[in-house]
Structure formats: structure tokens, C-alpha cells
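Give the three-dimensional model of this entry:
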Amino acid sequence: MHSADIRLLQQPAFELRFPSFCAAGHALAFPRCGRAVQLEALGEWALDYLFARALLGHDYGWPTVLASHQRG
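I've put the predicted structure just below:
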């Protein structure tokens, strides 16, 4: 198996996307594995995830689960 094939297998099939109320096109998206976002896998993005959750209903809307754009 080539390294590109392995990379595709490791990419999550879905992402959790928080739409922005303040700026169109500035949604925050995070990889989702199974039923949960893996905070330890997010690294420095974990703070962005917690920020989006803290501002639900104010700056960010309720998240939706979408097919990941990384796959293809």
C-alpha cells in the first residue's frame, strides 16, 4: 500500500462544522471519528473547538456533520 493510500485511510470521513454568525464563510470545521470529536487528536485546534462550543448561539450556530472535503 502506498503512503497516499494510507493517508486516505487515516482521514476521517466526516467533519463537525460550526457556522459563523459574524462572518460568512468563516465556519470552523473539525474532523470527527465515530460519534465524537477526539480532542487529543486536534492538537492546537482543540482550543478553537472549545471556543466554538462556548460561543454556541452567540458567534457560532449549532454544528452539523458533513462529509469531509479531504476525501475524494
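
List the contacts of the residue most central in space within the chain.
Nearest residue to the geometric centre of the chain (C-alpha atoms, centre = their mean): Phe30, 1.2 Å. By C-beta atoms under 8 Å, 6 or more residues apart in numbering, the contact set of Phe30 is Glu15, Leu16, Arg17, Val37, Leu42, Trp45, Asp48, Tyr49. Heads up, the C-betas are built off the backbone N, CA and C, glycines and all.

Sort those residues by pLDDT and name the bottom one.
Ranked by pLDDT, these bottom out at Val37, which has 76.

Can you name the helix or strand that the closest residue to that one other than its chain neighbours falls in?
Distances taken as C-beta to C-beta, 6 or more residues apart in numbering put Phe30 closest to Val37, at 5.3 Å, once the chain neighbours are dropped. Element membership for Phe30 (DSSP states H and E) is strand 28-32.

Over to Val65?
Counting by DSSP H and E, Val65 is part of strand 64-67.

what's next to that strand, contact-wise?
With contact meaning C-beta under 8 Å, 6+ apart, strand 64-67 is reached by Ala13, Phe14, Glu15, Leu16, Arg17, Pro19, Ala29, Arg32.

Quickly list what the fourth one is bridged to.
The reference is to Leu16. Assessed by DSSP bridges, Leu16 has beta-bridge partners Phe30, Val65.

ok, it - contacts?
If you count contacts by C-beta under 8 Å, 6+ apart, Leu16 has them with Ala29, Phe30, Pro31, Arg32, Val37, Pro63, Thr64, Val65.

gap between the third one and Pro19?
In other words, Pro31. 17 Å (C-beta to C-beta, to the nearest Å).

repeat for the fifth one
Relative to Pro19, Val37 is positioned 16 Å away (criterion: C-beta to C-beta).

same thing with the second one?
Distance check for Phe30 against Pro19: by C-beta to C-beta, it reads 13 Å.
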